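# Okay, predicted coordinates and the sequence, questions at the end:
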Amino acid sequence: MGMSPAFGAAFLWLLTTILWWSGWREESKERLPHWAVGVFLAVWPMALLINVKLTLALTFNGAWLWTLVAIVVLAVITPSVRRWMAMSSGVLLGAVYVLISRLAYYPSGFSHAYASWLTAMIVGALAAVLLRGVSEQVLAISAAFYLSDGITAFVHSSMASEAIPISRAMDWMEAWWVALLSARLGTISVKATMELARRWAPRWGGRGGQRW
């Protein structure tokens with residue numbers, strides 16, 4: 001998209017933070033503690049600057065790990081039925097993401113510069129279609145991207161280094177934020193359209209019975 005993945009991820013985090021505290025939190029009808037979301041958003045940019053070296057060959061970006069911790073906690077507090085529905089949807093979305101990501105790099109007129117964002121937007125749109133709740137969408141999107149990352153790591157398991165470098169982690173986080181924002185924007189837009197239609201339906205019905 002013309003910007004580095006690190007800058008893109010940071011910009012998308014900032015946009016999500018502004019939208020959450022300016023009204024998105026009121027759209028959530030779930031028992032999702034606002035303070036917990038606030039803690040996640042507050043710690044995320046600091047974690048982004050840290051690389052955690054677990055072993056000589058295994059290194060993770062702090063934001064990637066912090067997101068993983070948040071997803072695990074969210075999965076634990078989500079009711080079982082909703083959790084497994086989200087995870088099964090995530091497996092489907094992960095397969096779609098891997099497929100589209102592969103197709104994007106075949107000669108088809110699909111610009112490689114836009115491939116990562118467009119594929120992430122497709123995943124987010126599909127998450128909005130399959131699921132309505134914030135928790136389910138976050139879990140499904142996260143499962144999809146972790147699955148994709150796992151498949152990529154398995155494919156490249158023959159490489160000497162098993163580390164997840166900062167650049168690759170930034171690509172992952174950037175796509176994750178794009179998909180999450182796309183899902184929430186899609187859900188809220190559909191909800192607003194339906195509410196507007198219900199509000200204007202009686203007026204349109206009343207006009208239909210009048211003689212001009």
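Yep, it's here. Residues are numbered from 1 along each chain as shown.

# looking only at pLDDT, what's the mean for the lengthiest helix in the chain?
In the chain, taking DSSP state H as the definition, the longest helix is helix 166-208. Mean pLDDT, helix 166-208: 79.

# and that helix, what other elements does it pack with?
Counting contacts by 3 or more CB pairs under 8 Å, 6 or more residues apart in numbering; DSSP states H and E, helix 166-208 packs against helix 5-19, strand 59-61, helix 62-77, helix 112-130, helix 134-155. Backbone N, C-alpha and C define where each C-beta goes, glycine included.

# Give the buried residues for the fourth one.
Along helix 112-130, these residues count as buried under the neighbour rule (16 or more other CB atoms under 10 Å): 115-128, 130.

# what angle sits between that helix and helix 134-155?
140 degrees (axes from the mean of the first three to the mean of the last three CA atoms, to 10 degrees).

# Likewise for the first one?
Relative orientation of helix 5-19 versus helix 134-155 (the same axes, to 10 degrees): 170 degrees.

# Which strands or helices does helix 5-19 pack on?
So helix 5-19, by 3+ CB pairs under 8 Å, 6+ apart, packs with helix 34-48, helix 166-208.

# moving C-terminal of the first one, what's the next helix or strand?
Tracing the chain C-terminally past helix 34-48 and defining elements by DSSP states H and E, one meets strand 51-53 next.

# Leaving out the residues flanking it, which one is nearest to the most centrally placed residue in the chain?
The residue lying closest to the centre of the chain (CA atoms, centre = their mean) is L180, at 2.7 Å. Closest residue in space to L180, ignoring its immediate chain neighbours: I141 at 5.7 Å, by CB to CB, 6 or more residues apart in numbering.

# which residues touch that neighbour?
By CB atoms under 8 Å, 6 or more residues apart in numbering, I141 lies in contact with G90, L93, V123, G124, A127, W176, A179, L180, A183.
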